[in-house]
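Participant: need a 3D model of the sequence below.
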Amino acid sequence: MILIKNGYIVTMDPQRRVYKDGFIAINNSRIEEIGESKDIGNRYKDATVIDAKGKVVLPGLIDAHTHLYQVLYRGLGDDMPLAEWLMKCIWPLSRYLGREESYMGAMLASLEMLKTGTTTFADSHYINIDKNCHDGIAQAIEEIGIRGVLGRATVDSSPAPEIFRESIDDAQIGAAKVIEKYHGLANGRITVRVEPLNETLASKEMIKAMWDIAKQYNVGMNMHLAETSGRVQSSRDKYGFSSVEFLNSIGVLGPNLLLAHCVWISKKEIYLLSTTGTKVVHNSVSNQYLADGIAPIPELIRNGVTVSVGADGACSNNNLDMFGAMKAAALLHKVNEMNPLALTAEKVLEMATIDAAKSLGMEDEIGSLEKGKKADIILIDSNRSDMTPNYSKISNLVYATTGDAVDTVIIDGKVVMDNRNIVNMEESKILERANVVVGDMLTNSNSWDLVNRSNWLFI
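Facilitator: Purely as a prediction, here's the structure:
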């Protein structure tokens with residue numbers, strides 16, 4: 001048993017209760033009790049005590065959309081639009097993305113996420129040249145102790161190079177294999193969702209096939225949608241519908257679908273998302289980084305659509321710090337709508353916790369600190385210059401601080417980071433091995449020109 005006491009606890013429960021001096025009792029993997037520290041009494045005298053005085057206690061942050069493997073490509077795809085970014089960076093390097101590289105990407109990404117307070121992520125892994133890639137990702141999740149949604153993604157259409165495309169049969173078999181092998185593993189820390197990558201690189205038939213697998217196994221489906229105006233125009237040219245309307249026309253909208261981006265959507269499409277209960281994940285940093293556009297997030301929220309936050313891949317961000325993603329989301333929409341209340345600190349924090357859990361169908365297990373839920377908890381040091389004065393703690397969390405304020409991380413009732421030290425792994429070994437792996441990929445793909453594209457003289 002673990003007892004966290006004397007903390008400033010932000011529960012994110014339905015009443016949005018905040019205990020200014022609170023405690024949380026953890027029994028095995030779940031929260032047994034939560035309340036005011038003065039009411040503990042002697043009930044937990046044999047527990048391992050974590051004194052949270054001077055700490056803000058939050059549900060672990062949930063990154064609802066990322067690409068773990070892209071952390072290996074950090075800094076290699078800068079200053080390119082999406083199509084060029086794919087052609088010059090993602091596709092060439094990914095020819096050499098096998099099980100070992102996927103494992104290292106997942107380890108490095110998980111390390112960064114844990115160090116910045118993310119306890120759950122939803123991955124999108126669409127590079128399936130090595131059919132054992134997901135084995136490497138799952139191994140990393142098990143070893144480091146994070147909670148992860150394996151996104152078994154697929155492509156079958158141009159302009160994706162042929163080497164990355166799968167037949168519908170192969171994609172369905174591959175998805176079923178990953179689901180049957182890993183869904184619910186590691187005491188439920190590993191789950192699986194399927195993903196036809198987007199409306200351009202996955203055919204109508206592939207999208208429907210993945211939707212069928214999601215329904216057959218009741219795992220839910222993710223998809224990139226309406227990320228660029230070009231993809232929306234491609235949908236109109238090919239199917240006669242814009243992107244959301246196209247999915248609606250083939251019966252692929254609903255509460256088990258999570259759509260990343262949704263930048264170029266109409267009022268009619270917002271209505272379709274709202275009435276079908278389809279979820280959206282906002283990737284404010286990558287949308288700016290790749291010059292995709294600005295998604296109508298406040299309008300989606302005003303129309304009742306559940307919206308979460310994603311850091312996206314570290315090759316289009318370039319980090320996985322959800323504190324940065326929250327701040328970017330809030331500021332982007334304030335200036336876009338010329339309205340300081342377009343997205344408040346409180347709403348963005350909801351989007352990164354309980355709303356993200358709802359987006360993944362996991363709101364009964366994670367996303368808030370409540371009795372009976374999984375004990376996924378982070379402690380943030382408020383005795384820092386960027387958290388001082390500390391009277392407005394929620395504002396500070398979103399607008400002032402960064403992920404390195406996270407002191408302690410608990411996942412599934414186990415301490416995985418203590419005083420900023422990862423418990424299960426040696427950080428230096430992960431960093432050292434990742435550099436070696438990426439160096440080999442750059443050499444094998446003849447892509448060292450990605451490292452320095454400026455006219456600066458490096459001696």
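Participant: give me the beta-bridge partners of the residue nearest the centre of the chain?
Facilitator: Central residue of the chain (CA atoms, centre = their mean): residue 63, 2.5 Å from the mean position. Per DSSP bridges, the residues bridged to residue 63 are residue 121.
Participant: which other helices and strands contact the lowest-mean-pLDDT helix or strand in the chain?
Facilitator: Lowest by mean pLDDT, DSSP states H and E among the helices and strands of the chain is helix 82-85, with a mean of 92. The contact analysis (3 or more CB pairs under 8 Å, 6 or more residues apart in numbering; DSSP states H and E) places helix 82-85 against no helix or strand. Placement of C-beta: from N, CA and C, glycine included.
Participant: beyond that helix, next helix or strand please.
Facilitator: Sequence-wise, the next helix or strand beyond helix 82-85 is helix 91-94, with elements assigned using DSSP states H and E.
Participant: could I get that following helix in CSV with only the CA atoms?
Facilitator: Taking Å, rounded to 0.1, in the frame of the first residue of the first chain, the C-alpha atoms of helix 91-94 are listed here in CSV:
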residue,chain,number,x,y,z
TRP,A,91,9.9,7.2,-45.9
PRO,A,92,13.7,6.9,-46.5
LEU,A,93,14.6,6.3,-42.8
SER,A,94,11.6,4.0,-42.2
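Participant: mind listing what's buried in it?
Facilitator: 91, 92, 93, 94 (16 or more other CB atoms under 10 Å).
Participant: pull the distance from the helix or strand following that helix to the chain's centre.
Facilitator: Sequence order places helix 99-115 as the next helix or strand after helix 91-94, per DSSP H and E. How far helix 99-115 lies from its chain's middle: 13 Å, per CA atoms, centre = their mean, to the nearest Å.
Participant: what do you get for stretch 402-409?
Facilitator: Relative to its parent chain, stretch 402-409 has a centroid offset of 17 Å by CA atoms, centre = their mean.
Participant: so for it, what's the average pLDDT?
Facilitator: Across stretch 402-409, the average pLDDT comes to 98.
Participant: what's next to it, contact-wise?
Facilitator: With CB atoms under 8 Å, 6 or more residues apart in numbering as the test, stretch 402-409 has contacts from 50, 55, 60, 114-117, 119, 321-324, 377-382, 384, 386-387, 415-420.
Participant: in helices only, show me those.
Facilitator: 114, 115, 322, 323, 324 (DSSP state H).
Participant: tell me if I'm right that the first one and residue 418 touch.
Facilitator: Just to be clear, that refers to residue 114. No: Residue 114 lies out of contact with residue 418 (CB atoms under 8 Å); the separation is 11.1 Å.
Participant: can you pull the contacts of the residue lying closest to residue 431 once chain neighbours are set aside?
Facilitator: Among residues not flanking residue 431 along the chain, residue 108 sits closest, at 7.5 Å (CB to CB, 6 or more residues apart in numbering). Residue 108 sits next to 71, 72, 430, 431, 434 when contact means CB under 8 Å, 6+ apart.
Participant: would you confirm that the last one belongs to a strand?
Facilitator: It stands for residue 434. No: under DSSP: H, G, I helix; E, B strand; the rest coil, residue 434 falls outside any strand and is assigned helix.
Participant: give the contact list for it.
Facilitator: Residues near residue 434 by CB under 8 Å, 6+ apart: 71, 72, 104, 105, 107, 108.
Participant: do that again at 6 Å, thanks
Facilitator: If you count contacts by CB atoms under 6 Å, 6 or more residues apart in numbering, residue 434 has them with 104, 108.
Participant: any idea how far it is from residue 106?
Facilitator: For residue 434, the distance to residue 106 (CB to CB, to the nearest Å) stands at 11 Å.
Participant: likewise the second one?
Facilitator: Residue 72 is 10 Å from residue 106, where distance means CB to CB.
Participant: and these two? Which one has more around it.
Facilitator: Using other CB atoms under 10 Å as the criterion, residue 72 and residue 106 rank with residue 106 on top: 30 against 26.
Participant: in this structure the more buried one contacts residue 139, no?
Facilitator: No: counting by CB atoms under 6 Å, residue 106 stays clear of residue 139, with 7.9 Å between them.
Participant: identify the contacts common to those two.
Facilitator: Both residue 106 and residue 139 lack any common contact, where contact means CB under 6 Å, 6+ apart.
Participant: for residue 148, grab phi and psi.
Facilitator: Phi and psi for residue 148, reported as degrees, to the nearest 10, are phi -140, psi 140.
Participant: which non-adjacent residue is nearest it?
Facilitator: The spatially closest residue to residue 148, leaving aside those adjacent along the chain, is residue 141, at 4.4 Å (CB to CB, 6+ apart).
Participant: the one you found reaches residue 147, doesn't it?
Facilitator: No: counting by CB under 6 Å, residue 141 does not reach residue 147; the two are 7.7 Å apart.
Participant: ok so, going back, which ones are touching the residue nearest to the centre of the chain?
Facilitator: 118, 121, 310, 311, 322.
Participant: can you do 8 Å?
Facilitator: Residue 63 is in contact with 113, 118, 120, 121, 122, 309, 310, 311, 320, 322, 325, 356, counting by CB under 8 Å, 6+ apart.
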